[in-house]
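Chemist: Turn this into a model:
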Amino acid sequence: MSKVSEAKKAQNYKKEKDRPNCGNCSHFTCDEENRGFGTVYQRNLRCSFGGFFAVQKKSICDDHYPTN
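Modeler: Have a look, this model is predicted:
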């Protein structure tokens, strides 16, 4: 194991997709528009649990429920 791998393991390092945030919560919803060439545009980001708009994908709340 490399020194970098050992340091990450010691610090419990997690990638952004593995940390809890609105973007990977099951309450997160949005309108998606396929713009071709594999590009998907997301708009009207919202929380279906709290019922509010203007959610930021990297935000977090106490009611986070992972999509896994």
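
Chemist: Next secondary structure element downstream of the helix or strand harbouring Ala7?
Modeler: Assigned by DSSP states H and E, Ala7 belongs to helix 3-10. Using DSSP H and E, the next helix or strand after helix 3-10 towards the C-terminus is strand 28-34.

Chemist: List the buried residues for that following strand?
Modeler: Within strand 28-34, the residues that qualify as buried are Phe28, Cys30, counting by 16 or more other CB atoms under 10 Å. In this view, the C-beta of every residue, glycine as well, is placed from N, C-alpha and C.

Chemist: in stretch 34-53, what's buried?
Modeler: Leu45, Arg46, Cys47.

Chemist: Quick check: mean pLDDT of the helix holding Ala7?
Modeler: Mean per-residue pLDDT for helix 3-10: 92.

Chemist: tell me the pLDDT at the residue nearest to Glu33 when sequence neighbours are not counted?
Modeler: Residue nearest to Glu33 in three dimensions, not counting chain neighbours: Tyr41, with 4.6 Å by CB to CB, 6 or more residues apart in numbering. At Tyr41, the pLDDT value in this model is 93.
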